[in-house]
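# Build the 3D model from these lines:
(chains A and B)
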Amino acid sequence: MNTWKRLWRHGAVRGGVLVLAALTIVGALAPWLGTFDPSAMDASFISVPAGTAGRVTLLDGSQIDHTFWMGSDSVGRDIWSRVLYGTRISLVVGVFTAGLAVVIGCTCGLLAGYFRTADALLMRIMDGMMAIPAVLVAITLVAVLGASLSTVILAIAVPEVPRVTRLVRSLVISLREESFVEAARALATRNIVILWRDILPNAAAPLIVQGTFIAASAVLTEAILSFLGLGLPADVPTWGNIMAEGRVAFSQAPGNVLFPALFLVPTILAVNLLGDGLRDVLDPKFAKRA
Amino acid sequence: MPHVAGDASRLVAPVLDVRGLQVALPGDADRSHAIERMDLRIDQGRTLCIVGESGSGKSVLATTVMGLLAQGLSITSGEVHLKGEIILGGGQYVPERRLRALRGRAMGMVFQEPMTALNPVLTCGEQVDELLRTHTNADSAQREAQILEVFERVRLPDPARIFASYPHQLSGGQRQRIVIAMAIILKPRLLICDEPTTALDVTTQAEILKLIAELRAEQGSAVLFITHDMGVVAEIADEVLVMHRGKVVEQGSREQVLHRPREEYTRMLLAAVPGMVPPPPRELPGGSALLSARRVGKTYVRRDWLGRAHRSAALHDASLSVRPGETVGIVGESGSGKSTFARCMLRLIEPTEGVITWGDSEVQSLPERRLRALRSHVQVVFQDPNRSLNPRRTVGSSLVEGAINFGMTAAKARELAETLMDRIRLPRAALERYPHQFSGGQRQRLAIARAVACQPRVLVADEAVSALDVSVQAQILDLLREIQRDLGLGILFITHDLRVAAQLCDRVIVMNRGQVVEEGPTAQVFSRPAHPYTQRLLAAAPGADVGVVAAVA
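Numbering: from 1, shown residues only, chains lettered A, B, ... in the order given. Have a look, this model is predicted:
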């Protein structure tokens, strides 16, 4: 059976994909889903409870009728708008961090696994990187490069690289001994071409699975960093920032923390489920006996 | 009508009696039944050999009798009687407790791979002890005595040391003896052997076959021996049963099936087995050597944690040469160094000493960059057709990889691929397919085409037919001969199978423990072997009279 069909039949894959698709649509259509500018503060609607409706004055002076589905925060911003716009940021962070970590880790892993001299050098570098706590790396990078989306992506991706490198390296070491790789060498194929065409495609499956887990972890880490004030600037709507802002008045307005969490949890769960499902289908060792 | 193994008038119940057995395969398999309506009987003291190619269902028979059928397979009808007691009837086995009591006591099984049949973390003595503990009430001193005694019976050297050894510390032949010891220690009436010698060298195989025959004579047990090797059948069978795709094709005495086969399939199978007697030497075009190796050696250095160097010579002082149109065979058992030698000559590994020449260039220490340009001179076909083609590339793209590397344009490469497909007799449309859509034999043909696409002068076949069924093997050998004739290639053929070497090679070199012990024209080496190792090797080859099938009217 064709791989796409097998993937779709798997419950976890289906569930994960559907939830993520829904979130992507929500994030993409955010401007049209009853939201307004997420950084617009209206002092007359400070910390209103969920469901309040009223007339909001925007930054440019215009007024609109709006219902605060999730209430507002302590400076009058609409939580619903911030959460929806935050979806975009979280998904972007997840995808790009995973992509960056996978690309760098894969390159290093291929070189380390295939060329013995590169191996010694690269793995010692990776060992060094793994010795530094991830949050520390993130803090340092943000401090040095300033808080912005690209810095945050870099800060979360870099500590994930050693793990991917190790994974790819071990795959390459076993793939290196395969008959078809030996055959390619006998046919005078250049090493780079062998790596790209023979080894990489056969290492792709575990790599994809690892990538999805990195994405899940990235979304969570971004929320944590923002929560600690180390991530994106406070006015940028990310779930972590919303939760950080709402922490102060948590006992009076728990919604400010719980509503973003309501989106964060399913996102991470969906990505993890997707990863589990991909692993079940693509990695024959873990496949359940039919 | 079912053939009765042994004297039909015996009043004693047969040890194994299978009636109308049918085992169904799960829905998505390539046929409906693994075994279709099989009847067989084995009497005491007789050996029944089940012969068939891969996928014929012979292993399924063994697991059915033991009650170890894999998930997904189901018994649709039939009965199995062991020593007169019914153990399988109406699609149901007797209760698991009874089956467990019978396994080991009434029937013993010897599997193909001794390393995977033994638990790697228990000593051999402990594993056999476990069996005794389950089935007998003897105390530990008695059990140990029994185990040492059975180790002696299977001719293991130094039983006490083997008792305390782990499987990985023993050789393949010794491990298989341990498995046999476990199978026979409780003196079962039925011994089931599923390809027990396929993974062993031919000299070890000869010893194991002798052992099984001795034990059978000693204990009077019946032996169900499953194999694909006609030579082994000729050596040990009393009765023979031929299977093909789940059906019983022919059953009868050894004499009748091997020398007067009735069915077409049996005749085809026997005809495909290469004979041991080499054909008369043929005329060779002559010319200077296309590939030569002079005193090549490869020593591996392993450094232990103290930094001391441990040297092991995988290859020492090996020489050979291949001339145009000539087929040179390298024959040896596993560990003889033949694969190392082949890889040195292909420059897939670098030799530590010696001179290797491709045509006019010396290549033993050329750097990879300079070597690449020369690689079109020598090409290789590997052993495992399932893994020598990249599973994620279409066959068409794999086929012309070498040609494109050596400078052919994509358009010409496409034409070349089509020509090659015609030559190996596969449809041109198949170029778009992936390797897993072909059978093993077809994949090997594709691998040969890929090698030929580079227009080499020498083709190295590293056990190229060892993983194939005997009928497919014959086709591949014919293809190699044809290509050699048309292109004037030299062929270097590495194999452990003496029959193939006898039929295919003009000259043969025999290797043992990393050294060349004998070389010469095939006819001479096979009829008048000079070196004691060669003599032992030839003497150990089973079934010398198979392959000389009389034409059946």
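# lowest average confidence, helix or strand, in chain B?
Least confident element among the helices and strands of chain B, by mean pLDDT, DSSP states H and E: helix B:114-117 (a mean of 81).
# elements contacting that one?
Here helix B:114-117 touches helix B:172-184, going by 3 or more CB pairs under 8 Å, 6 or more residues apart in numbering or on different chains; DSSP states H and E. Where C-beta positions appear, they are placed from N, C-alpha and C, glycine not excepted.
# what does chain B have sitting close to chain A?
When proximity is defined as CB under 8 Å from any CB of the partner chain, chain B approaches chain A at B:71, B:346, B:348, B:371-373, B:375-376, B:379-380, B:382-384, B:387-393, B:401-402, B:405-406, B:447, B:450, B:454.
# which among those end up buried?
For the residues of chain B next to chain A, a burial check counting by 16 or more other CB atoms under 10 Å in any protein chain shown picks out B:346, B:371-372, B:375-376, B:379-380, B:382-384, B:387-390, B:392-393, B:401-402, B:405-406, B:447, B:450, B:454.
# If we ignore the residues flanking it in sequence, what's nearest residue B:121?
Using CB to CB, 6 or more residues apart in numbering or on different chains and skipping the chain neighbours, the partner closest in space to residue B:121 is residue B:166 (7.6 Å).
# picking that back up, so of the buried ones among the residues of chain B next to chain A, which ones are in helices?
Members of those lying in helices (criterion: DSSP state H): B:371, B:372, B:401, B:402, B:405, B:447, B:450.
# Report the two of the residues you listed separated the most.
B:371 and B:447 (21.3 Å; CB to CB).
# Show the model's pLDDT score for the residue most central in space within chain B.
Nearest to the centroid of the C-alpha atoms of chain B, with distances taken as CA atoms, centre = their mean, sits residue B:198, at 4.7 Å. As predicted, residue B:198 sits at a pLDDT of 82.
# got it, and residue B:544?
Listed pLDDT for residue B:544 reads 69.
# Is the helix or strand where residue A:93 lies positioned near chain B?
Using DSSP states H and E, residue A:93 maps to helix A:79-114. No - using CB under 8 Å from any CB, helix A:79-114 stays clear of chain B, coming no nearer than 12.9 Å.
# thinking in terms of the whole chain, how far from its middle is that helix?
The chain centroid and the centroid of helix A:79-114 are separated by 5 Å under CA atoms, centre = their mean, to the nearest Å.
# ditto for stretch B:296-315
So, by CA atoms, centre = their mean, the centroid of stretch B:296-315 is 30 Å from its chain's centroid.
# can you list contacts of it?
B:316-319, B:337, B:340-341, B:344-345, B:349, B:351-356, B:364, B:514-515 (CB atoms under 8 Å, 6 or more residues apart in numbering or on different chains).
# doesn't residue B:331 fall inside a strand?
Yes - Residue B:331 forms part of a strand when assessed by DSSP: H, G, I helix; E, B strand; the rest coil.
# how close does the spatially most central residue of chain A get to residue B:417?
Nearest to the geometric centre of chain A sits residue A:94, at 1.6 Å (CA atoms, centre = their mean). To residue B:417, residue A:94 is 43 Å away according to CB to CB, to the nearest Å.
# Contact residues of chain A facing chain B?
Residues of chain A lying close to chain B (CB under 8 Å from any CB) are A:178-180, A:182-190, A:197-198, A:201-202, A:289.
# are any of these buried, and which?
So, by 16+ other CB under 10 Å, the buried ones in those are A:178-180, A:182-189, A:197-198, A:202.
# where does the stretch 201-350 of chain B dip in pLDDT?
Within the stretch 201-350 of chain B, no range satisfies pLDDT under 70.
# wait, doesn't residue B:55 sit right on residue B:245?
Yes - Residue B:55 is within contact range of residue B:245, at 6.8 Å (criterion: CB atoms under 8 Å).
# Could you list the buried residues of the helix or strand harbouring residue A:64?
Using DSSP H and E, residue A:64 maps to strand A:63-68. For strand A:63-68, burial by neighbour count (16+ other CB under 10 Å) applies to A:66, A:68.
# Check the offset of that strand from the chain's centre.
The answer for strand A:63-68 is 32 Å, by CA atoms, centre = their mean.
# Contacts made by it with the rest, please.
Contacts with strand A:63-68, where a contact means CB under 8 Å, 6+ apart, come from A:34, A:36, A:45, A:48, A:50-58, A:78-80.
# try stretch A:82-92
Stretch A:82-92 is contacted by residues A:20, A:23-24, A:26-28, A:30, A:33, A:35, A:38, A:70, A:73, A:149, A:219, A:222-223, A:232, A:236-239, A:241-242, A:259-260, A:263-264, A:267 when judged by CB under 8 Å, 6+ apart.
# Surely the residue nearest to the centre of chain B forms part of a helix?
No - under three-state DSSP, residue B:198 sits outside any helix and is assigned coil.
# what residues does the least confident helix or strand of chain B touch?
Against helix B:114-117 from outside (CB under 8 Å, 6+ apart): B:111, B:167, B:168, B:172, B:175, B:176, B:178, B:179, B:199.
# how about residue A:220, what does it touch?
Residues near residue A:220 by CB under 8 Å, 6+ apart: A:264, A:268.
# got it, and residue A:59?
Residues in contact with residue A:59 (CB under 8 Å, 6+ apart) are A:37, A:39, A:40.
# List buried residues within the residues you listed.
The buried subset of these - by 16+ other CB under 10 Å - is residue A:37.
# Make JSON lines out of the contacts of residue A:59 and add pLDDT and secondary structure.
Compiled in JSON lines, those are given as follows (pLDDT from 0 to 100; DSSP: H, G, I helix; E, B strand; the rest coil):
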{"residue": "A:37", "pLDDT": "79", "secondary structure": "coil"}
{"residue": "A:39", "pLDDT": "77", "secondary structure": "coil"}
{"residue": "A:40", "pLDDT": "77", "secondary structure": "coil"}
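# quick one: which of the contacts of residue A:59 is nearest residue B:105?
Of all the contacts of residue A:59, residue B:105 sits closest to residue A:39, with 81.7 Å by CB to CB.
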